[in-house]
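> Compute the structure for the input listed below.
(4 chains)
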Number of protein chains: 4
Amino acid sequence: METRINVIENVKLKKPVLVEGLPGIGNVGRVAAGYLVSELKPKKFAELYSPHFLPLVVIHDNSLTHLLKCEFYYYKGKQNDLIILTGDTQSISPEGHYEICDKIIEFAKKLGVKEVITLGGFVQSTEIKEPRVIGAATNKDLIKKYEKFGIDFGKQHNIGTIVGATGLLLGLGNVYGIEGLCLMGETYDMPLFTDPKAADKILVVLKKIFNLKIDLSKLENTINEMESKMKKTETVYKKMIHQMPQKDDQIRYIG
Amino acid sequence: METRINVIENVKLKKPVLVEGLPGIGNVGRVAAGYLVSELKPKKFAELYSPHFLPLVVIHDNSLTHLLKCEFYYYKGKQNDLIILTGDTQSISPEGHYEICDKIIEFAKKLGVKEVITLGGFVQSTEIKEPRVIGAATNKDLIKKYEKFGIDFGKQHNIGTIVGATGLLLGLGNVYGIEGLCLMGETYDMPLFTDPKAADKILVVLKKIFNLKIDLSKLENTINEMESKMKKTETVYKKMIHQMPQKDDQIRYIG
Amino acid sequence: METRINVIENVKLKKPVLVEGLPGIGNVGRVAAGYLVSELKPKKFAELYSPHFLPLVVIHDNSLTHLLKCEFYYYKGKQNDLIILTGDTQSISPEGHYEICDKIIEFAKKLGVKEVITLGGFVQSTEIKEPRVIGAATNKDLIKKYEKFGIDFGKQHNIGTIVGATGLLLGLGNVYGIEGLCLMGETYDMPLFTDPKAADKILVVLKKIFNLKIDLSKLENTINEMESKMKKTETVYKKMIHQMPQKDDQIRYIG
Amino acid sequence: METRINVIENVKLKKPVLVEGLPGIGNVGRVAAGYLVSELKPKKFAELYSPHFLPLVVIHDNSLTHLLKCEFYYYKGKQNDLIILTGDTQSISPEGHYEICDKIIEFAKKLGVKEVITLGGFVQSTEIKEPRVIGAATNKDLIKKYEKFGIDFGKQHNIGTIVGATGLLLGLGNVYGIEGLCLMGETYDMPLFTDPKAADKILVVLKKIFNLKIDLSKLENTINEMESKMKKTETVYKKMIHQMPQKDDQIRYIG
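Residues are numbered from 1 along each chain as shown, chains lettered A, B, ... in the order given. Next comes the predicted model:
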């Protein structure tokens, strides 16, 4: 079985930009993308399943089960339509990351995507009071285009890597002619910790870039509301950590 | 090599329901499915082999060898024909679970299956005197349809996951338009322990649902008879546990 | 990349029987098959390469390199031609065992093979003075056919499993209509130990079955001669053990 | 997703020889190949990506990201054109080594390559003052052809193995009719240590073989210049070592 994308609705999009936020460090990308979904009310049009996810279904309070998946939403924007990609999990194997991101890029390409923005956390060793949004991009023009939006493209941060979908969507996208920007909210490393502050900073940047009408004052609240759902997923993640080899943990949760 | 299903007899079935019971927690699902096979005398019509099983053959007392496999039986019922799926083992890798369940769902789909019922154990931390049958399903209508049969769809149990075939057949089935119900007999966690009580409770529910003529008073006896065969398989499982990495053990034996 | 069989010579064989002896417990199967090659001078007609072998080449004393491989030889016999399969190694992953054996069975099937005899060691906990040859087979007729050749098909041995090619060639062969016999020389478990006594007992049986003209008095000597080549390969195996995860060691070296 | 080679320029080459130098023991091969690229100014004409590399992108000081890859360069020589293969990394899985090398050999075959020279380190237990260049080859004619260039084909070194691309390009190439020579600079084992002395000795040999106009006096300097780039990559490797299972480390870094 290969990773599959089930298309629910065939969509025609205007200069679509793919915005990805999946579980990772501090859940920064996932919280940011999840908040976009909750505020913009975009429409789900595709789902992704993969043999590289944990082989399980989650049972919800209402006794309904759901297979781990990622979801594609579209939002009709002014200049650009947005494709928001978020979901339950990332690959649990290194090869799986490549397969999944390759399918996503192939899918995005067909939808006319020429730019991808991935969201994640950037680990610092100490707690950050005012987290910056650190940027990385596939080419210099993109840095020029975006540096006015409060993204830190400076050299002060040490050499780093971006692991998982957040990195590979840029890397593989670039091979296929899709430009990529990565926005990383500074956070500190704590297993299974969700960092709303870093997500907030990323949302501020995205709001400016796409001129979005989203009310960030509700983020703290919304995160609290999201907490019950999150807690379940985190319970699953905790189980994952116990069930899977330690080696993969770090890889799986960076992004 | 991919997972393969060898069809022994081409069958035409009436509103078939797939009932799965494979090795897992307390061997609950496997014992229940095995008892159905021993009581209903269904006919075997297909076998499944997989490169994701342990790479070995078992030697029996009569010096005959057998390759690890899963087996499909059919039983001509009143309202619904049953396809009973049971076998020696589950996948030893996460990706294998997906591949195997995908092949099973594809096969079931071709046979006209619109509903799957998976059987497993639900781990509690203490011994259970009167184990409940806890249910989970892919949609609300199914819960409504089945809650009268003594299945507990309440919220009192904590968030959980269903790992392996017992979970994925629901999850992947749902993607292909096959509705799914999971029946889990409450049991407690003990490696390689076979729990007839939990299996009995599941059989009571299945008997009611399908109006089956099975004599449950013999379960205890039959399990004793099954013991000699079981003991061998469990010896194999014990070997597996020693031979395979610990990480997979929990995944492999939940379900 | 998939496992590949490179055919060097297209052969037409008379009622061919496939005889497999690859590295495993006490190297029993490999020594026995290697001695057949050294005595019968069969002709090599095919080689098998696999991505499931260790990713390395061996450097010989003459500075020549060789890729790990298995080799197929044919020998024109009286009643039956023999295909002797021996080689450097077995798969280092569980899935690889299945893929490799599946390719071998497919190849054997094309060559008209209807019977496979696999050679291996049977681990006992103590040293054995007079090792028996323990047999296992895919069906009762085969046991009847062969029990007169000094093979022990009794029940006295505990339930066991045959891991790797020695087991899977029987298991997968059986699915494709190839009957299988496994001859296991009793040996005791010692890492990287080569047991000529157990191999000798297997050769005695094979000599009788196929009425072979082989001089077993030279086995001890030949093994000494083989030692220099063997020692190198064993050095490789020792490296493998250090390089590969412990979990696989047991699986890899049983058979 | 499979390993892919993206061709940037279609080239027609004269008796091309493939020269490979990828990260490995003491980074000997990579430094040597990298110096060839820096001195000969060959033109890049293809890139290789693989799901068997670490699933990440590297962030450079200028905030640009790059996907881990290998690169093919061509250089128009007198007798032979050279294809220089170097890159960021090797496979992180055993099967991946086979897949990647198989793609490379297939690609080389199409380009008319009949000979491959792989560069690596040969581990000694103590520091070597005057490192030899130890040779291994796929056939005796090649040894004869090259022994005059100061390569040590003697028996004095113990039995060894060549792991990863440096070994498999010889092994798999040989299967496809491509002759292979491996040049190994003696070095001692130290994690993440880059050994310019061993690389220098290899370059001396290559210079003689292909009558190259390269100034080796700059190697020490160039390596210093390369250091900043190298240090980053090594940081990545150090991360890899922490992130990946120990078992693979030895395999990954030999070559």
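
> buried set for whatever helix or strand residue A:123 lives in?
Secondary structure here is read from DSSP states H and E; on that basis residue A:123 sits in strand A:115-124. Of the residues in strand A:115-124, those buried by neighbour count under the rule 16 or more other CB atoms under 10 Å in any protein chain shown are A:115-122. Quick note: C-beta positions are derived from backbone N, CA and C, even for glycine.

> So, low pLDDT: which residues of the stretch 51-200 of chain A?
A:155-159, A:189-192 (pLDDT under 70).

> who in it is up against chain D?
Applying CB under 8 Å from any CB of the partner chain, we find that the stretch 51-200 of chain A lies next to chain D at A:91, A:94-95, A:97-99, A:102, A:135-140, A:143, A:153-155, A:158-164, A:167-168, A:170-172, A:174-175, A:180, A:182.

> run the last query once more with 7 Å
Among all residues of the stretch 51-200 of chain A, those adjacent to chain D (criterion: CB under 7 Å from any CB of the partner chain) are A:94-95, A:97-99, A:102, A:135-139, A:143, A:153, A:155, A:159-164, A:167-168, A:170-172, A:174-175, A:182.

> Narrow those residues to those in strands?
Using DSSP state E to define strands, the subset of those located there is A:135-137, A:160-163, A:182.

> Mind putting those residues into a markdown table with neighbour count and distance to residue D:211?
Putting those into a markdown table (neighbours: other CB atoms under 10 Å in any protein chain shown; distance: CB to CB, whole Å) gives the following:
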| residue | neighbour count | distance to residue D:211 |
| --- | --- | --- |
| A:135 | 24 | 48 |
| A:136 | 30 | 44 |
| A:137 | 27 | 44 |
| A:160 | 22 | 43 |
| A:161 | 20 | 41 |
| A:162 | 26 | 44 |
| A:163 | 26 | 45 |
| A:182 | 28 | 46 |
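
> Just name the closest of these to chain C, please.
Within the set of these, residue A:163 lies nearest chain C; the separation is 22.3 Å, counting by CB to the nearest CB.

> ok, that closest one touching residue D:55?
Yes - proximity of residue A:163 to residue D:55 meets the contact threshold set by CB atoms under 7 Å, at 6.3 Å.

> Look up how far residue B:20 lies from the nearest residue to residue A:216 once chain neighbours are set aside.
In space, and not counting its chain neighbours, residue A:216 is closest to residue A:203: 5.8 Å by CB to CB, 6 or more residues apart in numbering or on different chains. Spatial separation of residue A:203 from residue B:20 under the definition CB to CB, to the nearest Å is 44 Å.

> Helices of the stretch 1-150 of chain A, start to end?
In the stretch 1-150 of chain A, helices defined by DSSP state H, counting those that start in this stretch lie at A:28-40, A:94-110, A:140-146, listed in chain order.

> Kindly report the same for the stretch 151-255 of chain A.
Taking DSSP H, counting those that start in this stretch as the criterion, the stretch 151-255 of chain A carries its helices at A:165-175, A:196-210, A:219-243, A:246-253.

> Could you give the average pLDDT over the longest one?
The pLDDT scores in helix A:219-243 average 62.

> now the shortest one
What helix A:246-253 shows for mean pLDDT is 29.

> quick one on the thing from earlier: which one of the buried residues of strand A:115-124 is nearest to residue D:211?
Proximity of these to residue D:211 (CB to CB) peaks at residue A:116, which lies at 47.6 Å.

> Could you check how far residue A:143 is from residue A:108?
Using CB to CB, we find residue A:143 at a distance of 21 Å from residue A:108.

> typed the wrong thing, it's residue A:79
As for residue A:79, its distance to residue A:108 is 18 Å (criterion: CB to CB).
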